[in-house]
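okay, predicted coordinates and the sequence, questions at the end:
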Amino acid sequence: MAPGIAACMRARRSYRAGTALTAAMAHSVRVAHLAKERAVAIEAVERASRVCTAVFQRLVTEETLTKKDKSPVTVADFGAQAVVNAILERHFPDDPIVGEEDSKDLRGEDGRALRDKVVDLVNAAVDQTMSADEVLGAIDRGQYAGGATGRHWTLDPIDGTKGFLRGEQFAVCLALIVDGKVRLGVVGCPNLPVDASQPLGDRGVLAVAVEGEGAFQRRLHAPSDLETPMRVSAVADPRDASFCESVESGHSSHGDSAKIAGLLGIHRESARMDSQCKYVAVARGNADIYLRLPVDGSYEEKIWDHAAGNIIVHEAGGRVSDVSGAALDFSAGRTLKHNKGVVAASGGVFDAAIAAVKQTLADKLQTA
Ligand SMILES: Nc1ncnc2c1ncn2[C@@H]1O[C@H](COP(=O)(O)O)[C@@H](O)[C@H]1OP(=O)(O)O
Ligand SMILES: [Mg+2]
Ligand SMILES: [Mg+2]
Ligand SMILES: [Mg+2]
């Protein structure tokens, strides 16, 4: 086992031991649920985050190619997916993975230049040497179809590619789904301020949650395994709430969110940022409501864009649903095909937010 993983597991046991000893009725220390999965996921997200940061530091335009859907994808997306999948394969060889990327653009003569860069990048980040075929194979372990039974991981190697390319917010997101429910989520946010009240201070946050155990944040690449609990805000009056939403109005309608703010009496400006860092912002109380309001009615949200953030907000005491108030259904394959949009909020304002979202979308339908 890698030293980082052993240290994470030790820290986990001592955290739980401390909790148990302060509980008057505790007779024994419960073995932490999914302890190995948690430690491996943290290690994988940290290594992938290092890959992303290294690429950003020497980002050159030819390392960006345009996918058919016009979203920018970089050598870092492929490298980070290969690194996470290789680490998962080493520790959990039987677990399938639903990953965003595939190796098509890296194959053949056309893909050679990019492939060489990705292979070098991956070999600098993992302990064993991997051939080009092994790197492509690791990326393509992410082709699993997902579904309602058994366990699988879901990975967004870089969520918020546009934020990454701008040097702003992006996240490496990994979650474990068992029998259609998210049980563990890790979100690495290399550019997120450690303390939101100090936006120019130290950056690099890793948020982690296991079902039933609460949500925690720790420093990304921290020398120690110190974790602090995350809690959503206690705001009870929606007029005092604040939104966070996508930078891209094509991912979430800014016009609709302005109407919802009007209904709720919100006057604070929305915080706009890319990626699942928005879920982390809600989980640690920096924002109260994350809105993702459908723009294109046919778009199906992807499970890797929401699984880790969903459990982190739940475990921090918040609530998450689609725009109709229904729970996100992670059992339907690679997409959230039974849901439209997302609302994540602290418990005190969630119901008011859903009511305002429903009213705004109903009004829009009537005037259409
Ligand atoms: N029409 C759309 N509606 C909502 N999300 C979208 C849409 N198109 C792409 N996305 C996804 O939104 C995510 C980024 O969202 P955010 O705005 O919160 O940073 C990306 O993963 C992106 O997917 P993809 O990676 O396939 O481009
Ligand atoms: Mg993408
Ligand atoms: Mg994404
Ligand atoms: Mg991505």
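Thanks, I have the structure now. Ligands and ions are numbered 1, 2, ... in the order given.

from here on, contacts and neighbour counts on C-alpha atoms
Fine.

which bits of the stretch 151-300 of the chain sit near ligand 1?
Within reach of ligand 1 by CA under 6 Å from any ligand atom, the stretch 151-300 of the chain has these residues: 159-160, 246-248, 250-251, 274-275, 296, 299.

near ligand 4 too, which of these?
residue 159 (CA under 5 Å from the ion).

between the residues of the stretch 151-300 of the chain next to ligand 1, which sits nearest ligand 3?
Minimum distance to ligand 3 across those is 3.7 Å, recorded for residue 159 (CA to the ion).

re earlier: got a winner among the residues of the stretch 151-300 of the chain next to ligand 1 for most neighbours?
Neighbours here mean other CA atoms under 10 Å. Within these, the largest count is held by residue 275, at 30 neighbours.

what helix or strand is that residue on?
When secondary structure is defined using DSSP states H and E, no element contains residue 275, which sits outside every helix and strand.

can you check residue 157 too?
Taking DSSP H and E as the criterion, residue 157 maps to strand 151-159.

so what's the residue count around residue 130?
Other residues lying near residue 130 total 17 when counted by other CA under 10 Å.

from what I can see it touches residue 123, true?
Yes - checked against CA atoms under 8 Å, the pair residue 130 and residue 123 is within contact range at 6.3 Å.

picking up where we left off before, columns distance to residue 282 and pLDDT on top of the residues of the stretch 151-300 of the chain next to ligand 1, output as a markdown table?
Rendered in a markdown table, the data for those read as follows (distance: CA to CA, whole Å; pLDDT from 0 to 100):
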| residue | distance to residue 282 | pLDDT |
| --- | --- | --- |
| 159 | 17 | 98 |
| 160 | 17 | 96 |
| 246 | 13 | 98 |
| 247 | 16 | 97 |
| 248 | 19 | 95 |
| 250 | 21 | 95 |
| 251 | 18 | 96 |
| 274 | 14 | 98 |
| 275 | 13 | 98 |
| 296 | 25 | 87 |
| 299 | 24 | 97 |
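
quick one: which two of the residues of the stretch 151-300 of the chain next to ligand 1 are the most distant?
Taking every pair in those and measuring CA to CA, the maximum separation is 19.6 Å, between 159 and 296.

where along the stretch 1-150 of the chain do the helices fall?
Ranges of helices in the stretch 1-150 of the chain, per DSSP state H, counting those that start in this stretch, are 3-22, 35-57, 75-91, 112-125, 132-140.

for ligand 1, find the nearest of the ones you listed.
Distances from ligand 1 to each of these were compared by CA to the nearest ligand atom, and the smallest falls on helix 75-91, at 9.9 Å.

among the helices of the stretch 1-150 of the chain, which is nearest residue 104?
Closest among the helices of the stretch 1-150 of the chain, using CA to CA: helix 132-140, at 8.9 Å.

mind checking how far that closest one is from the chain centre?
From the chain centre to the centre of helix 132-140 is a distance of 23 Å (CA atoms, centre = their mean, to the nearest Å).

so which bits of that helix are buried?
Of all the residues in helix 132-140, those buried under the rule 16 or more other CA atoms under 10 Å are 132, 135-140.

cool, stretch 296-308 as well?
Per 16+ other CA under 10 Å, stretch 296-308 contains these buried residues: 300-308.

go on, stretch 336-352?
Taking 16+ other CA under 10 Å as the basis for neighbour counts, the residues of stretch 336-352 that come out buried are 336-337, 339-350, 352.

repeat that for stretch 325-335.
So stretch 325-335, judged by 16+ other CA under 10 Å, has buried residues 325, 327-335.

and whichever strand in the chain runs longest, what does it pack against?
When the chain is parsed with DSSP state E, its longest strand is strand 181-193. Where contact means 3 or more CA pairs under 8 Å, 6 or more residues apart in numbering; DSSP states H and E, strand 181-193 is packed against helix 35-57, strand 171-178, strand 203-210, helix 277-283, helix 307-315.

next, the buried residues of whichever helix or strand comes after the fourth one.
This points to helix 277-283. On the C-terminal side of helix 277-283, the nearest following helix or strand under DSSP H and E is strand 289-292. Of the residues in strand 289-292, those buried under the neighbour-count criterion (16+ other CA under 10 Å) are 289-292.

same thing with stretch 116-125?
For stretch 116-125, the buried set under the neighbour-count rule, 16+ other CA under 10 Å, comprises 117-123, 125.

over to stretch 350-359?
Neighbour counts using 16+ other CA under 10 Å place 350, 352-358 of stretch 350-359 among the buried residues.

so what's residue 344 bridging to?
Assessed by DSSP bridges, residue 344 has beta-bridge partners residue 290, residue 320.

give the closest residue to residue 82 in space, chain neighbours not counted.
Distances taken as CA to CA, 6 or more residues apart in numbering place residue 139 nearest to residue 82, at 4.7 Å, with adjacent residues excluded.

isn't the one you found right up against residue 105?
No - between residue 139 and residue 105 no contact is recorded; they are 11.4 Å apart, counting by CA under 8 Å.

before we move on, the earlier item: deepest-packed of the helices of the stretch 1-150 of the chain, please.
The highest mean neighbour count among the helices of the stretch 1-150 of the chain, using mean count of other CA atoms under 10 Å, belongs to helix 75-91: a mean of 25.

just put the buried residues of stretch 296-308 in TSV and tack on pLDDT and distance to ligand 3.
As requested, these are exported to TSV (pLDDT from 0 to 100; distance: CA to the ion, whole Å):
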residue	pLDDT	distance to ligand 3
300	98	12
301	98	9
302	98	8
303	98	9
304	98	7
305	98	5
306	98	8
307	99	11
308	99	11
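
out of the residues you listed, what pair is the most spread apart?
Farthest pair in those (CA to CA) is 300 and 308. Separation: 17.3 Å.

if I look at the residue most central in space within the chain, how far off is residue 41?
Within the chain, the residue whose C-alpha comes closest to the C-alpha centroid is residue 173; the distance, by CA atoms, centre = their mean, is 3.5 Å. With distances taken as CA to CA, to the nearest Å, residue 173 is found 10 Å from residue 41.
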